[in-house]
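Student: Show me the folded form of this:
(one chain, ligands or ions: 1)
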Amino acid sequence: MVTKLDEIKFIDEVDLRNKRVFIRCDFNVPLKDGKITDATRIEAALPTILYALEQGAKVALASHLGRPKGKVVPALSMKAIGEYLVPALKKEVILTDSPDSEGLTKLMDNLNDGQVVLLENLRFSPFEKKNDKLFATRLAKSFDVYVNDAFGTAHRAQVSTEALAHEIKEKCAGLLIKKELEKFNQMLEAPEAPFVAILGGAKVSDKIGVITNLMDKVDSIIIGGAMANTFMVAKGYNMGKSLVEDDAVEVAKQIIEKAERKGVTLNLPVDFVGASEFKNDTDFANYKPENFPADKMALDIGEETRENYRKIVLYAKTIFWNGPMGVFEFENFAKGTLAVAVAVTKSESYSVVGGGDSVAAIKYLKLEDKISHVSTGGGASLEYIEGKDLPALMALKS
Ligand code: AMP
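Tutor: The predicted structure follows:
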């Protein structure tokens, strides 16, 4: 369900002066050879952290990073995050030796104005993902206020996103979660027509919930990516060597029928860029689904589809976009995704882009400023749109 802003408390409604404040951030950034390759998530967390510091709080920051699976994995230490934060916050950043280190309470009690604590990777503890109450009570002893600003993990019930919220006296959401909710709620509750949902990516099964829930709100749905192949098979076409999700063909048929019943236009590709191999440097050509070659695979929407989608997107007044139109990581098969990205920014619409790959396409084109909201939550934003209750938001409510 949609979480209304008056259902939870936000950080700017809580007295933080001299309080020991735990802030759950989403610092799960991509790393290469120990270096951060995209700091967007850290940047998105800064307003809340800076606000808490300005208010005179004693701040500890916490996040998971990668998948250490409950063990200490040195390559997934928060050290690189700490180094990024020093100039951003203009404070000394004290990295703890473990997420629930022995001396945490003392450290928090004695923290001075020039210092911030950064807990070591939460998932170094096997208890974090288990939403373990004991781990939560142990952490809670060091804090007076719990702040959750990690929208990207709001769909996970883990200690730092769920159990801990119940163990600390005062709890609230940060400014990033506030912004995400404002933007998504505006789209879901008061969309100006025509409302167009653009859905791409690999799997129909990942997006059934989103398609089903949006079907009650949108005027039109655009399908691209490998997902489109599954819809083509559902319509009786043979897509050769294309990636098709056989288990989801039945669901795709049901979605086609449901759209017809509801009067929602379900736009499917009328042509594809087919290639011999799954790589950039291979031969490719434009094919209609009626005569798609048995030895080719569809890696992008075709020329005519690009033009059709561009027009629909240009006239939209509200847009939600998740998932690429093709294998956009390969330059030769990125044209569909790029055409849609440009059309979204040229439309005079309220546009929300959620999910890693479509966000990457927008960033690659340096078009972020022309999108009403680029969400920091992939899975979380999809589950929110599906109408599911996100555990982290539920924990802040109760
Ligand atoms: P998702 O995470 O479901 O949004 O899927 C994104 C992935 O789908 C990207 O890595 C794309 O390369 C991939 N993808 C998109 N279109 C196709 C296609 N036609 N064939 C194979 N993979 C695709």
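Student: Do me a favour and average the pLDDT over stretch 383-397.
Tutor: The average of the pLDDT scores along stretch 383-397 is 95.
Student: Name the residues that touch it?
Tutor: 1-3, 7-9, 148, 150, 153-157, 161-163, 165-166, 171-173, 177, 184, 188, 209-210, 212-214, 320, 354, 377, 380 (Cβ atoms under 8 Å, 6 or more residues apart in numbering). Any C-beta I mention is one placed from the backbone N, CA and C, and that applies to glycine too.
Student: One more: stretch 29-48?
Tutor: 11, 23, 25-28, 61, 65-66, 75-76, 80-81, 84-85, 88-89, 147, 149-150, 152, 174-176, 363, 376.
Student: the strands in the stretch 101-250 of the chain, which residues?
Tutor: 115-118, 145-148, 170-173, 195-199, 220-223 (DSSP state E, counting those that start in this stretch).
Student: and the last one, does that touch the ligand?
Tutor: No. Applying Cβ under 6 Å from any ligand atom, one finds strand 220-223 out of contact with the ligand, separated by at least 10.9 Å.
Student: before we move on, what about the fourth one?
Tutor: No. Shown here: strand 195-199 not in contact with the ligand (Cβ under 6 Å from any ligand atom), separated by at least 8.8 Å.
Student: Tell me which strands that strand pairs with, and in which orientation.
Tutor: strand 220-223 (parallel), strand 318-322 (parallel) (DSSP bridges).
Student: Now render the ones you listed as a markdown table, adding mean neighbour count.
Tutor: Listed next are the strands paired with strand 195-199 as a markdown table, based on neighbours: other Cβ atoms under 10 Å:
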| stretch | mean neighbour count |
| --- | --- |
| strand 220-223 | 24 |
| strand 318-322 | 27 |
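Student: Leu104 against Thr96, yeah?
Tutor: Yes. Using Cβ atoms under 8 Å, Leu104 is in contact with Thr96, at 6.4 Å.
Student: So for those two, which residue has more residues nearby?
Tutor: Higher neighbour count among Leu104 and Thr96: Leu104, with 22 against 18, using other Cβ atoms under 10 Å.
Student: which ones are touching the residue in the stretch 51-200 of the chain positioned nearest to the ligand?
Tutor: Residue of the stretch 51-200 of the chain nearest the ligand, by Cβ to the nearest ligand atom: Gly200 (6.2 Å). Residues counted as contacts of Gly200 (Cβ under 8 Å, 6+ apart) are 223-225, 227-228, 322-326, 337, 357-358.
Student: any idea how far the residue at the greatest distance from the centre of the chain is from the ligand?
Tutor: In the chain, the greatest distance from the average C-alpha position (Cα atoms, centre = their mean) is reached by Asn291, at 36.8 Å. Per Cβ to the nearest ligand atom, to the nearest Å, Asn291 is found 18 Å from the ligand.
Student: my read is Leu266 is in a strand, agree?
Tutor: Yes. Assessed with DSSP: H, G, I helix; E, B strand; the rest coil, Leu266 lies in a strand.
Student: So which of the contacts of Gly200 wins on neighbours?
Tutor: Met325 leads the contacts of Gly200 on contacts (other Cβ under 10 Å) with 33 neighbours.
Student: tell me the secondary structure for it?
Tutor: Met325 - assigned by three-state DSSP - is coil.
Student: For it, what are phi and psi?
Tutor: phi -80, psi -10 (degrees, to the nearest 10).
Student: Run through the residues that contact it.
Tutor: Gly200, Gly224, Gly225, Asp300, Ile301, Tyr309, Gly336, Thr337, Ala339, Val340.
Student: and of these, the nearest to the ligand?
Tutor: Gly225 (3.6 Å).
Student: So the closest one versus Lys311, what's the distance?
Tutor: As for Gly225, its distance to Lys311 is 19 Å (criterion: Cβ to Cβ, to the nearest Å).
Student: For the residue in the chain positioned nearest to the ligand, which non-adjacent residue is closest in space?
Tutor: As assessed by Cβ to the nearest ligand atom, the ligand sits closest to Gly201 within the chain, at 2.5 Å. Setting aside the residues directly before and after it, Gly201 is nearest to Gly323 in space (Cβ to Cβ, 6 or more residues apart in numbering), at 3.0 Å.
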